[in-house]
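Visitor: Need a 3D model of the sequence below.
(chains A and B)
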Amino acid sequence: GENVEQHPSTLSVQEGDSAVIKCTYSDSASNYFPWYKQELGKRPQLIIDIRSNVGEKKDQRIAVTLNKTAKHFSLHITETQPEDSAVYFCAAQKGNAGNMLTFGGGTRLMVKP
Amino acid sequence: DTGVSQDPRHKITKRGQNVTFRCDPISEHNRLYWYRQTLGQGPEFLTYFQNEAQLEKSRLLSDRFSAERPKGSFSTLEIQRTEQGDSAMYLCASSSEPLEKLFFGSGTQLSVL
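Guide: Predicted structure coming up:
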């Protein structure tokens, strides 16, 4: 089955700096890659996603890049703010039978004011 | 709130007792998923339904776990003879199509004493 590795497990940045979180996946059939943000005690919330026919997607301060050949994708957050502090999870999904998301282990992002 | 709702939010039980959780997906979503999340980890897939049909179950789902979605709307997850290792956050999610966005509920936090 699919295996998703995520790193770093913790990331501390100064407010205003950029943050990059990287994930690799094992199954070349995976074709949908969402990113979720989870604040303490709250539900995971989708912040951005990318499909395998696209190499990059941007939404204001966040962007995701995908390298299908290398089977890795990354989340980029620019101009970080204290409210960006949370745990971020990447995930991968195949479009055929099953359709479940396989999640990475998470990255705890701390943005210091 | 028209999102995914789960009940109860918290459940404390003694080892050996049975527990049942409920999930109400977003009304137009025909796909419903159950995930389990332990502290510091990403959500792990348990099972999923398309309408009332349970289409996939993870190997994580032991015989003590059973899930139903009798009318293709709400779903229940029952754990029989709970064990301390069952302590986790149980998350429900729904989506409308494959490769579409997955929306999570706030989860049921289970503590088995």
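
Visitor: what ranges of chain B fall below the confidence cut-off?
Guide: Scanning chain B for pLDDT under 70 picks out B:1, B:98-99.

Visitor: and if we set it to 90?
Guide: B:1-2, B:27-30, B:39-40, B:55-62, B:71-72, B:95-102 (pLDDT under 90).

Visitor: need the residues of it near chain A, please.
Guide: Residues of chain B lying near chain A by Cβ under 8 Å from any Cβ of the partner chain: B:4, B:31, B:33, B:40-45, B:48, B:55-56, B:58, B:91, B:98-99, B:101-107. Quick note: C-beta positions are derived from backbone N, CA and C, even for glycine.

Visitor: Could I get the contacting residues of the closest residue to B:Ser5 other than its chain neighbours?
Guide: Counting by Cβ to Cβ, 6 or more residues apart in numbering or on different chains, B:Asp24 is the residue found nearest to B:Ser5 once chain neighbours are left out, at 4.7 Å. Contacts here follow Cβ atoms under 8 Å, 6 or more residues apart in numbering or on different chains; on that basis B:Asp24 touches B:4-7, B:73-74.

Visitor: Show the pLDDT at the closest residue to chain B within chain A.
Guide: Using Cβ to the nearest Cβ, the point where chain A gets nearest to chain B is A:Phe103, with a distance of 3.2 Å. A:Phe103 is assigned a pLDDT of 95 by the prediction.

Visitor: separation between it and A:Ala29?
Guide: Distance of A:Phe103 to A:Ala29, computed by Cβ to Cβ, to the nearest Å: 17 Å.

Visitor: between these two, which one's more packed in?
Guide: Taking other Cβ atoms under 10 Å in any protein chain shown, A:Phe103 and A:Ala29 do not tie; A:Phe103 has more neighbours (24 against 12).

Visitor: host element of the residue nearest the centre of chain B?
Guide: Nearest to the geometric centre of chain B sits B:Trp34, at 3.4 Å (Cα atoms, centre = their mean). Using DSSP states H and E, B:Trp34 sits within strand B:31-37.

Visitor: Next, the contact list for the residue nearest to B:Glu68 when sequence neighbours are not counted, please.
Guide: The shortest distance from B:Glu68 to any non-neighbouring residue, by Cβ to Cβ, 6+ apart, is to B:Thr76 (5.4 Å). By Cβ under 8 Å, 6+ apart, the contact set of B:Thr76 is B:20-23, B:67-69.

Visitor: Many thanks, have a good one.
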